[in-house]
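*Asks:* any chance you could fold what I've pasted below:
(2 chains, ligands or ions: 3)
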Amino acid sequence: MRVSVSKIDLSVSLCNIKLTNPTILASGILGTTKALLKRVAENGAGAVTIKSVSVEPREGHKNPTVITFEAGMLNAVGYSNPGVEAAAREFKDLQDVSVPVIASVIGTQKKDFVRVVEGFSKTKFSAIEIPLSCPHTPGFGLLAGQGTPKATFEITSAVRRLTKLPVFVKVSPNIPEICTIAKAAEDAGADAITAVNSMGPGMIINIEAQKPILSFKVGGISGDALRPVAVRCVYDLYKAIKIPIIGVGGISTGRHAIEMLMAGASAVEIGTGVYYRGVDVFRKVCGEMTVWMQENGIKNVKSIIGVAHD
Amino acid sequence: MVLKTLKVLLVLHMIKRKKIKLVSFSSREIEEKKAEQPVMVKICKITKESPGVKIFFFESDVKFTPGQFVMVWIPLLDEKPFTISYFQDNILGISVLKRGLFTSVLHSKKVGDTIGIRGPYGRGFNIKTNLNVCVVGGGIGMASLTTLVDKLNSVNNKQGLNITIIHGARTAAEILYQKRFRDMKLCTEDGTAGFKGTAVDLFENLIKRQRFDTVYACGPEKMLYKIFELCQRNKTNCEVSLDRYIKCGFGVCGQCDCSGRRICVDGPVFNMEELSEMKDFGKMTVTKTGERVIC
Ligand SMILES: Cc1cc2nc3c(=O)[nH]c(=O)nc-3n(C[C@H](O)[C@H](O)[C@H](O)COP(=O)(O)OP(=O)(O)OC[C@H]3O[C@@H](n4cnc5c(N)ncnc54)[C@H](O)[C@@H]3O)c2cc1C
Ligand SMILES: Cc1cc2nc3c(=O)[nH]c(=O)nc-3n(C[C@H](O)[C@H](O)[C@H](O)COP(=O)(O)O)c2cc1C
Ligand code: FES
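*Replies:* Ligands and ions are numbered 1, 2, ... in the order given. Modelled structure (predicted):
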């Protein structure tokens, strides 16, 4: 039974944040300036996430920092960011951006997360995402032992105490006990789990140069190669936790987004998809979701969340 | 769909017949397997253009439009953007001004050494078949305009094109491409060659007296901004090539932002309409950390 386009409802609610559609810009892709966030919002994203911000400015790794291969992308940007003071200046007056803006906050230790969240206290973000899962930046994420249940609990609790905004904890696909980590975050008061960060790290060697291409040698894998892993992580998490899940990894079409929602995600983030299909990937994905829902007689996108489960 | 399948089959057939080498720029023709990775090329010639600038030539069948750039990789060191400034029969050249570590190491390379090339990236100049064209290059910015001049000359071969080239440098020794473009209007800040003053001063004098259909410019952003303003005032069409710190080169990292436009894919060349919407143009730039600062 076909449904007319005007009846298709793509809106979702994520921790009481109203999104006109379930696509969100993932952290680290284009989210460096307010002007770019604005452009992504104008291109159909339901919400946008800024590039992760630390206390101090960071130059990141040397180039090459991002390369692609047949099945995805390999990156070791190394969390370059201007530091919380400059970022708070850049992202003031967020009302120019027409959709909710999510802050991404990183730190080498608990007190850094606290300082960044405090530094953003006057900025009108709609939520705070804390990635405890970067696979390729010394001092941060997995390389700093932040991907353990204990560290996850401690960092999440500290951020939780500080803010009334929804807190999203971003987890790694690398860790077999991903559900234990997510539970620790849930117990510490996280409002949602973002799953997943890039996987690996992986390495690509140029055989003529006989050297790894990335200057950091290894980098996180995203894009198509990551998608089945991300879908499985979301599927497992849906059974293990009660808080909503934001599915991320390899989504670049409407079908991919629907698959992720069926696995149990309440919304999806798109990063590498910007490379595959351009800044308007968000509009394209929503258009494709609409057509699919029309053809399959589904009016409300919320009705497909988690339907892949028995 | 059928067409796409046929195209893929044709490409596969060509690979089998070794008409397409897999490890070359041609691998880009296989749409599904496109990879943004450096390809190693051998430096086949090096010429010295000025005390600070060397041109490195290498073989490559990459297709590009004037104004586009490539990322040059020196393994274990870094990877930086350079405009293609020479193009003939599958030989490409980049002109490199020695500035810091990367360009110093590049300058120490010899014929036969290899470097990695990825690209070309960005949107180049719009080749118009206008009759009165002015090209303004400040310093090493002239590199971006060289292949544009070649191209304009070749498309307009029999149409009586009139190109005015203004090239500004600090001093006579830094003037580039004198043999390549013999009739450039030169200017130096210290007056050691040509007009004493900046490229903007000279351009301002010219545009008062002469009507240009299109102005193309590349150089320091302050200079570009002044050229843009003069063109606006004189209702003259212009395109300028901007410069920002480049990381990915293909539009995902957000490092090269200028008011919501990415230098690496939306630019580096922008037209008047775009420039007039870019509030940061001529005012703010972005540092390596991603901080927007006054330029
Ligand atoms: C689109 C584009 C085309 C360019 N084309 C040419 C060219 O044809 N010839 C040429 O000599 N130079 C060109 N440049 C500039 C060139 O990339 C820098 O001079 C070079 O990277 C300097 O590196 P370094 O390590 O020697 O110097 P550093 O000491 O590291 O830097 C000196 C200055 O170079 C610039 N720079 C450094 N790294 C980068 C980077 N990753 N991306 C952009 N700018 C950087 C910065 O402004 C910096 O202040 C171009 C830049 C851009 C953005
Ligand atoms: C170039 C690049 C930079 C990234 N930077 C960040 C970052 O700063 N913070 C973060 O939490 N995740 C970062 N990520 C991970 C993405 O947000 C996302 O989790 C991952 O890429 C998987 O999604 P995708 O396949 O849609 O890209 C980055 C990914 C890429 C490709
Ligand atoms: S350099 Fe990465 S977006 Fe332009």
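*Asks:* okay, and residue A:229 sits in which element?
*Replies:* Using DSSP states H and E, residue A:229 maps to helix A:227-240.
*Asks:* next one: residue A:104
*Replies:* Secondary structure from DSSP H and E places residue A:104 in strand A:101-104.
*Asks:* that strand packs against which elements?
*Replies:* Judged by 3 or more C-beta pairs under 8 Å, 6 or more residues apart in numbering or on different chains; DSSP states H and E, the packing partners of strand A:101-104 are strand A:47-49, strand A:127-131. Where C-beta positions appear, they are placed from N, C-alpha and C, glycine not excepted.
*Asks:* ok, that strand: who's next to it in the sheet?
*Replies:* Paired neighbours of strand A:101-104 in the sheet (DSSP bridges): strand A:47-49 (parallel), strand A:127-131 (parallel).
*Asks:* sorry, back to before: give me the next element, helix or strand, following the helix holding residue A:229.
*Replies:* According to DSSP H and E, the helix or strand after helix A:227-240 is strand A:245-248.
*Asks:* gap between the residue of chain B found nearest ligand 1 and residue B:133?
*Replies:* Relative to ligand 1, the nearest point of chain B is residue B:100 (2.0 Å; C-beta to the nearest ligand atom). Per C-beta to C-beta, to the nearest Å, residue B:100 is found 34 Å from residue B:133.
*Asks:* more neighbours, these two?
*Replies:* residue B:133 (21 against 9; other C-beta atoms under 10 Å in any protein chain shown).
*Asks:* deepest-packed of the strands paired with strand A:101-104, please.
*Replies:* Each of the strands paired with strand A:101-104 was scored by mean neighbour count; the highest is strand A:47-49, a mean of 30, by mean count of other C-beta atoms under 10 Å in any protein chain shown.
*Asks:* let me know whether that strand sits next to ligand 2.
*Replies:* No: contact of strand A:47-49 with ligand 2 (C-beta under 6 Å from any ligand atom) is absent, the minimum separation being 7.4 Å.
*Asks:* got the domain ranges for chain B?
*Replies:* Following the assignment in automatic domain parsing, chain B carries domains at B:36-121, B:132-294.
*Asks:* hmm, back to that, could I get the strands paired with strand A:101-104 as TSV with mean pLDDT?
*Replies:* Output for the strands paired with strand A:101-104, formatted as TSV (pLDDT from 0 to 100):
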stretch	mean pLDDT
strand A:47-49	98
strand A:127-131	96
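*Asks:* possible to save those as a markdown table with distance to residue B:67?
*Replies:* Below are these laid out as a markdown table (distance: least, C-beta to C-beta, whole Å):
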| stretch | distance to residue B:67 |
| --- | --- |
| strand A:47-49 | 30 |
| strand A:127-131 | 37 |
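*Asks:* quick check: which of these is nearest to residue B:127?
*Replies:* With C-beta to C-beta, the closest approach to residue B:127 among the strands paired with strand A:101-104 belongs to strand A:47-49: 36.2 Å.
*Asks:* from the chain's centre, how far out does that closest one sit?
*Replies:* The chain centre lies 9 Å from the centre of strand A:47-49; the measure is C-alpha atoms, centre = their mean, to the nearest Å.
*Asks:* run through who's touching that strand.
*Replies:* With contact meaning C-beta atoms under 8 Å, 6 or more residues apart in numbering or on different chains, strand A:47-49 is reached by A:14, A:17, A:19, A:24-27, A:31, A:37, A:40-41, A:97, A:99-104, A:126, A:129, A:267, A:269.
*Asks:* neighbours around the residue in the stretch 151-300 of chain A that ligand 1 sits nearest to, how many?
*Replies:* In the stretch 151-300 of chain A, the residue that lies nearest ligand 1 is residue A:215 (11.6 Å; C-beta to the nearest ligand atom). For residue A:215, the neighbour count with other C-beta under 10 Å is 20.
*Asks:* now it: how far from residue B:127?
*Replies:* From residue A:215 to residue B:127 the distance is 36 Å (C-beta to C-beta).
*Asks:* ditto for residue A:35
*Replies:* Per C-beta to C-beta, residue A:35 is found 29 Å from residue B:127.
*Asks:* average pLDDT for the strand or helix carrying residue B:96?
*Replies:* Secondary structure assignment for residue B:96, by DSSP H and E: strand B:91-97. Per-region confidence: strand B:91-97 scores 96 on mean pLDDT.
*Asks:* what residues does it touch?
*Replies:* Here strand B:91-97 has contacts from B:44-45, B:49, B:52-60, B:62, B:64, B:70, B:72, B:82-87, B:103, B:106-107, B:139-140, B:143, B:146, B:176, using C-beta under 8 Å, 6+ apart.
*Asks:* over to stretch A:299-309?
*Replies:* Here stretch A:299-309 makes contact (C-beta under 8 Å, 6+ apart) with A:3, A:7-12, A:21-22, A:235, A:238-239, A:258, A:261-266, A:289, A:293, A:298.
*Asks:* now do the buried residues in that stretch.
*Replies:* For stretch A:299-309, the neighbour count (16 or more other C-beta atoms under 10 Å in any protein chain shown) marks A:301, A:304-306, A:308 as buried.
*Asks:* surely residue A:245 and residue A:192 touch.
*Replies:* Yes: the criterion here is C-beta atoms under 8 Å, and residue A:245 meets it with residue A:192 at 6.7 Å.
*Asks:* check the burial of residue A:142 by counting its neighbours.
*Replies:* Counted with other C-beta under 10 Å, the neighbours of residue A:142 add up to 22.
*Asks:* could you do residue B:128 as well?
*Replies:* Per other C-beta under 10 Å, the neighbour tally for residue B:128 reads 15.
*Asks:* which residues touch it?
*Replies:* Shown in contact with residue B:128 (C-beta under 8 Å, 6+ apart): B:213-214.
*Asks:* over to residue B:125?
*Replies:* Neighbouring residues of residue B:125 by C-beta under 8 Å, 6+ apart: B:65-67, B:148, B:216, B:239, B:241, B:269.
*Asks:* now the helices: where do they sit in the chain?
*Replies:* Since no chain was named, I'll use chain A. A:34-42, A:83-90, A:110-119, A:149-162, A:178-187, A:227-240, A:254-263, A:273-277, A:281-295 (DSSP state H).
*Asks:* wrong chain, I was asking about chain B
*Replies:* Under DSSP H, chain B gives helices at B:2-16, B:101-107, B:142-155, B:199-209, B:221-233, B:272-277.
*Asks:* highest average neighbour count across those helices?
*Replies:* helix B:142-155 (a mean of 22).
*Asks:* angle of that one against helix B:199-209?
*Replies:* 40 degrees (axes from the mean of the first three to the mean of the last three C-alpha atoms, to 10 degrees).
*Asks:* from the chain's centroid, how far away is helix B:142-155?
*Replies:* How far helix B:142-155 lies from its chain's middle: 10 Å, per C-alpha atoms, centre = their mean.
*Asks:* so which elements touch it?
*Replies:* Packing partners of helix B:142-155 (3+ C-beta pairs under 8 Å, 6+ apart): strand B:78-88, strand B:91-97, strand B:132-138, strand B:162-169, strand B:214-218.
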